[in-house]
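Asker: Curious how this folds, go ahead:
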Amino acid sequence: ALRLNQAALAHASGRHLRLLPRQRYLRAERAESSALERKRNVLCCLITRILKAEKQLHIDNLVFKVISACEKGELGPGLQFLSFCCHSVDVLSCVLHLLNQGYLRRQEERPHVLEYVSAEAASPLGGQAQMVFQRRLPDSSLDENSADCLNW
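Answerer: Residues are numbered from 1 along each chain as shown. Predicted structure coming up:
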């Protein structure tokens, strides 16, 4: 049951009263979403580090290693963070996120085995597009201006 402070009610005289200022709700929401985002970033970092080191790993083993690292608060050699509780659902959610972003991939013949996709393998020329220019021999049906073409 809620009780109104009679002195505050008398002082308000016709103004609207609220239980708590809206700012407190907004600050609490922001803090909560910020904490969830930090947790997700740590989990994604752990998944990436583990798969970089292991090259490929069964998804069950990956989940176990990530949860174990979260409990110990270890990100890697010499890198520590505050330990926190995470569940397999949290880890699997981050795995799906990294799969959708293209940082991880499943093996074709064994979809339960994950591997890290290195940035070098994804873009051999450091993110530059690869195009091949080829000079086409002039054809009688083509005019001089269309002799050069771009083959995709």
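Asker: what about this structure, any weak spots by pLDDT?
Answerer: 1-4, 8-9, 13, 17-26, 28, 32, 75-83, 119-152 (pLDDT under 70).
Asker: so E115, which of the three states?
Answerer: Following DSSP: H, G, I helix; E, B strand; the rest coil, we place E115 in the strand state.
Asker: Contact partners for it?
Answerer: L51, K55, Q56, L57, L104, R105, Q107 (CB atoms under 8 Å, 6 or more residues apart in numbering). Using the backbone N, CA and C atoms, a C-beta is placed for each residue, glycine as well.
Asker: Check which element follows the top helix by length along the chain along the chain.
Answerer: Longest helix in the chain by number of residues (criterion: DSSP state H): helix 22-54. Of the helices and strands lying after helix 22-54 in sequence (DSSP states H and E), the nearest is strand 56-58.
Asker: Which positions within that next one qualify as buried?
Answerer: By neighbour count on 16 or more other CB atoms under 10 Å, the buried set for strand 56-58 is L57.
Asker: Show me the contact partners of that strand.
Answerer: Contacts with strand 56-58, where a contact means CB under 8 Å, 6+ apart, come from I50, L51, K65, Q107, H112, V113, L114, E115.
Asker: Strands along this protein, start to end?
Answerer: In the chain, the strands defined using DSSP state E lie at 56-58, 74-76, 79-80, 104-106, 113-116, 132-135, 148-151.
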